[in-house]
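need a 3D model of the following:
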Amino acid sequence: MTRKTARIALATAAVLGATALGGWAAAPVEATATTAANPPTSNRDAVVQVYLTRHGETMLNALHLVQGWSDSPLTAAGRSSATTIGANLGTEIGQMDAAYSSDMVRHHETATLMLEGMGSKLSATRDERLRELNFGGWEGAKQSEMGAAVFGGLAQQGITEPTLGQLTDAIKATNPVPALPAEDCEEVSDRMQDSLDAIAEDAAKHRDDNVLVVSSGLSISCLLVDLGAAHLLPPTGLANGAVNLLTYTAGRWTVKTVNDTHFAAQP
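Okay, here's the model as predicted:
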């Protein structure tokens with residue numbers, strides 16, 4: 001797939017995926033980025049809407065610890081917001097026709113609570129390709145410790161406004177335990193797009209219009225960069241529970257909104 005490059009000045013929170021959901025007044029950002037996916041095999045006229053959502057706040061988020069392939073359950077606030085987001089999404093959009101999440105606790109818990117919030121009887125299908133970026137030896141470390149190493153290394157290279165790819169490259173370069181390999185943005189985006197292509201093709205085949213997918217902040221961000229929407233990513237990273245709307249038609253993806261937090265507003 002074509003790699004998009006765009007300079008994004010991201011704060012440490014964006015790299016660590018530590019942003020908590022807040023600021024209900026934040027309006028969704030619309031994008032017109034479109035990219036070709038794998039050639040479609042069915043229903044070229046079908047339009048699939050994918051509500052790609054970041055998981056709710058977790059215990060490791062609250063403790064400011066690095067969380068990629070390591071995992072933790074949602075906090076009480078994270079559980080409450082996931083239910084609210086699901087209820088509001090159901091009111092505005094209607095029922096989901098299919099649902100997916102990463103195979104990890106925080107993603108599946110978020111998807112389950114969102115579905116319950118909208119009164120759906122669906123169960124989310126787990127897919128390990130939807131996991132967060134693997135931070136390698138940084139897993140479970142203090143966010144401040146990893147942030148200092150990553151941004152310190154970039155500064156030594158004279159990089160003050162890194163791309164998301166440069167940031168994840170720096171995470172790999174500073175990995176304190178090489179025996180536990182870290183991923184870069186390209187690797188994450190490849191598996192994310194493989195998963196979403198398969199999900200969308202299956203939805204198009206079965207005429208499923210609305211699909212819920214729950215993943216993580218950096219994984220979603222790496223995908224959005226490849227879909228041409230890098231310039232729309234917020235400087236502080238995607239918020240916990242933020243919804244990003246993607247549409248899939250005849251093998252092509254279009255990014256419609258990025259970091260939409262209005263579904264978290266209490267009624």
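
what is the burial count for Gln157?
Gln157 has 11 neighbouring residues, counting by other C-beta atoms under 10 Å. No exception for glycine: its C-beta is placed from N, CA and C like everyone else's.

for Leu60, which three-state class applies?
Here Leu60 is helix, with the state taken from DSSP: H, G, I helix; E, B strand; the rest coil.

that one contacts Ser70, correct?
Yes: using C-beta atoms under 8 Å, Leu60 makes contact with Ser70 at a distance of 6.9 Å.

and those two? Which one has more around it.
Leu60 (22 against 16).

return the per-residue confidence for that one.
With respect to pLDDT, Leu60 scores 98.

so what's it up against?
Val66, Gln67, Ser70, Asp71, Ser72, Gly140 (C-beta atoms under 8 Å, 6 or more residues apart in numbering).

please apply the same query to Thr91.
Thr91 sits next to Met118 when contact means C-beta under 8 Å, 6+ apart.

how many other residues sit next to Ser137?
Rather than Ser, residue 137 is Gly. Count around Gly137 with other C-beta under 10 Å applied: 18.

what's the answer for Glu161, then?
By other C-beta under 10 Å, 10 other residues sit near Glu161.

kindly report the same for Leu122.
Neighbour number of Leu122 under other C-beta under 10 Å is 16.

any chance of the contacts of Leu60 in a markdown table with distance to Gly237 and pLDDT as columns?
What follows is the contacts of Leu60, written out as a markdown table (distance: C-beta to C-beta, whole Å; pLDDT from 0 to 100):
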| residue | distance to Gly237 | pLDDT |
| --- | --- | --- |
| Val66 | 14 | 98 |
| Gln67 | 13 | 98 |
| Ser70 | 18 | 97 |
| Asp71 | 19 | 97 |
| Ser72 | 18 | 97 |
| Gly140 | 19 | 97 |
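
residues shared between the contacts of Leu60 and Ser70?
With C-beta under 8 Å, 6+ apart, Leu60 and Ser70 have common neighbours Gly140.

specify which member of the contacts of Leu60 is nearest to Glu132.
Gln67 (7.0 Å; C-beta to C-beta).

what's near enough to touch that closest one?
Gly17, Thr58, Leu60, Asn61, Arg106, Glu132, Glu139, Gly140.

how much space between it and Thr160?
26 Å (C-beta to C-beta, to the nearest Å).

same check on Glu201?
41 Å.

with distance to Asp208 as added columns, please give the contacts of Gln67 in TSV.
Listed next are those as TSV, based on distance: C-beta to C-beta, whole Å:
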residue	distance to Asp208
Gly17	29
Thr58	29
Leu60	33
Asn61	31
Arg106	25
Glu132	25
Glu139	35
Gly140	37
